[in-house]
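>>> sequence-free structure coming up:
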């Protein structure tokens with residue numbers, strides 16, 4: 001399991017320059033509106049999403065855990081439901097230039113948390129509209145995100 005953090009940025013190139021230096025690593029994926037670092041030490045999956053945000057309101061997009069397989073996603077879903085948390089399921093969805101199985105929950109402050117397994121890379125950022133319009137795969141304000149058929153409800 002790796003910790004996952006996604007932040008919103010206004011300038012991807014400036015952010016990439018900073019995080020390359022901070023992490024002393026190259027990103028594993030870079031697109032025109034997205035970049036991802038997958039670090040082993042510390043175990044971190046860190047994503048940059050080019051999204052408008054209000055100054056002063058923070059840049060957090062969402063938090064999560066990347067797990068080893070779909071079974072781990074489903075086991076977490078079962079555990080969370082038994083604990084009284086309702087999750088939003090997204091199986092076989094395209095999000096963040098990847099095909100994923102995932103679930104979502106929100107904390108009491110409204111912060112979205114995802115538990116996901118990445119099955120394959122994708123040439124598309126997302127598919128369709130997002131159920132949570134404030135996280136990763138939601139279309140930018142100018143609606144220029146490339147989409148394909150399917151369902152992305154991240």
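Good, I have the coordinates. Please read all numbers here as calculations on a predicted model, not as lab measurements.

>>> So which bits of the helix or strand hosting residue 22 are buried?
When elements are defined using DSSP states H and E, residue 22 is found to belong to helix 12-23. Neighbour counts over helix 12-23 (16 or more other Cβ atoms under 10 Å) mark 12, 15-16, 19 as buried. Using the backbone N, CA and C atoms, a C-beta is placed for each residue, glycine as well.

>>> Look up phi and psi at residue 45.
Summarising the backbone geometry of residue 45 under the convention degrees, to the nearest 10, its torsions are phi -110, psi 110.

>>> And the helices in the protein, which stretches?
Ranges of helices in the chain, per DSSP state H, are 12-23, 70-82.

>>> Can I get those helices in JSON lines including mean pLDDT?
As requested, these are arranged in JSON lines below (pLDDT from 0 to 100):
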{"stretch": "helix 12-23", "mean pLDDT": "91"}
{"stretch": "helix 70-82", "mean pLDDT": "94"}
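
>>> would JSON lines of those helices with distance to residue 58 be doable?
Below are the helices of the chain laid out as JSON lines (distance: least, Cβ to Cβ, whole Å):
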{"stretch": "helix 12-23", "distance to residue 58": "15"}
{"stretch": "helix 70-82", "distance to residue 58": "25"}
